[in-house]
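Participant: I'll drop the sequence and a predicted model, then ask my questions.
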Amino acid sequence: MVLKSFLEYLKRILFFSALLFLIPGPLSGQGQQKGAEDAKLKEDDSQVSPGSKCEKWSDAGGSGAVPYNFRSIDGRLFAGGSLFNPQSHANPPEKVREFLKFLKEQRVTSVISLHIPGGGSNEVETEKLLCQEEGLKFLKRRMTSDLLPNSLETEELLGLIDGGAYVHCMWGADRTGAVIAKYLRVRKGFSGEQAWKAVISGGSHSGQIGGLKQKPEYKKLILFFWPEVGQESREVCQTYDLPYSGPSGMR
């Protein structure tokens, strides 16, 4: 009788031990869920187009871990807005230096500023000095919706990008988007339409905050990377108020 009771007791202990083993504890379950969520965020922040990958950061408000509207493309073209934060212009030189050190960790060797005000800028000169102190090449290449790089200047831009470069204008959207599109066409073989779709707001290579706007005042930026648009896309020509002379059946 005693032996029988003992065996029943032992059986119950083994049953409940097995049950507890199969149910994960709260700490391990939460850790697994968090890891999956982190991986999902990382996957969502990266968008791959044919032959080119763009990784985007959610903390790209301009004063966090990365510059404003920041993204990295193919591990060589890093793009965004002003290192001083275009919304507030409040980032001190120490914060700008922090961004430059981060960029160096990404193997950036050059910083290309497309935003060069005609009357000069303290921000530009401070950025140049900090780049020199950090051993980075600093290129001032003024670009506006009307003033575009010529062929030699464009080759210089692409050459620096090949070696790892941070390209920025003020907001990291329109002028920067046009340079990204030029890179995608010349270095990655994108068609004009593919490059345009990649860099407009919501595109695979636009910033999280915004991309190249679809407004007539940016028509010359379109022509910078897509000079054939007048023969290839009626729809895009209408958007940017450009003349279209292609086949009547084209969109």
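Facilitator: Perfect, thanks for sending it.

Participant: Contacts only, for the residue nearest to V96 when sequence neighbours are not counted.
Facilitator: Counting by CB to CB, 6 or more residues apart in numbering, L83 is the residue found nearest to V96 once chain neighbours are left out, at 4.6 Å. Backbone N, C-alpha and C define where each C-beta goes, glycine included. By CB atoms under 8 Å, 6 or more residues apart in numbering, the contact list for L83 reads P67, N91, K95, V96, F99, L100, E127, H168.

Participant: Looking at these, which two lie furthest apart in space?
Facilitator: Of all pairs drawn from the contacts of L83, the greatest distance, 14.7 Å, lies between K95 and H168 (CB to CB).

Participant: now the residue nearest the centre of the chain, nearest residue through space, not along the chain?
Facilitator: Ranked by distance to the mean C-alpha position of the chain (CA atoms, centre = their mean), the top residue is R71 at 1.8 Å. Excluding the flanking residues, the one nearest R71 by CB to CB, 6+ apart is K56, at 4.6 Å.

Participant: quick one: the one you found and C237, what's the gap?
Facilitator: Separation of K56 from C237 (CB to CB, to the nearest Å) stands at 29 Å.

Participant: Please apply the same query to V179.
Facilitator: 22 Å.

Participant: which of those two has more neighbours?
Facilitator: Neighbours around V179 and C237, counted as other CB atoms under 10 Å, are more numerous at V179. The numbers are 28 against 20.

Participant: Next, give phi and psi for T176.
Facilitator: phi -60, psi -40 (degrees, to the nearest 10).

Participant: pretty sure it contacts L77?
Facilitator: No: using CB atoms under 8 Å, T176 is not in contact with L77; the gap is 9.8 Å.

Participant: Who has more neighbours out of these two?
Facilitator: Using other CB under 10 Å, the more surrounded residue of T176 and L77 is T176, with 30 against 27.

Participant: Look up the pLDDT of that one for me, please.
Facilitator: Looking at T176, its pLDDT is 98.

Participant: can you pull the contacts of it?
Facilitator: So T176 contacts A79, G80, G81, L114, V167, H168, C169 (CB under 8 Å, 6+ apart).

Participant: Show the buried residues in the residues you listed.
Facilitator: Neighbour-count burial (16 or more other CB atoms under 10 Å) applied to the contacts of T176 gives A79, G80, G81, L114, V167, H168, C169.

Participant: Helices of the stretch 101-250 of the chain, residue ranges please.
Facilitator: With DSSP state H, counting those that start in this stretch, the ranges of helices along the stretch 101-250 of the chain come out as 122-133, 151-162, 174-188, 192-199, 219-225, 229-232, 234-240.

Participant: any chance of those in TSV, plus distance to A60?
Facilitator: Output for the helices of the stretch 101-250 of the chain, formatted as TSV (distance: least, CB to CB, whole Å):
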stretch	distance to A60
helix 122-133	18
helix 151-162	20
helix 174-188	13
helix 192-199	16
helix 219-225	22
helix 229-232	29
helix 234-240	26
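
Participant: do you know which of these lies nearest R107?
Facilitator: The closest of the helices of the stretch 101-250 of the chain to R107 is helix 151-162. By CB to CB, the value is 11.9 Å.

Participant: got a list of contacts for the closest one?
Facilitator: Contact partners of helix 151-162, identified using CB under 8 Å, 6+ apart, comprise 76-77, 109-110, 112, 137, 139, 141, 149, 165, 167, 179, 182-183, 186-187.
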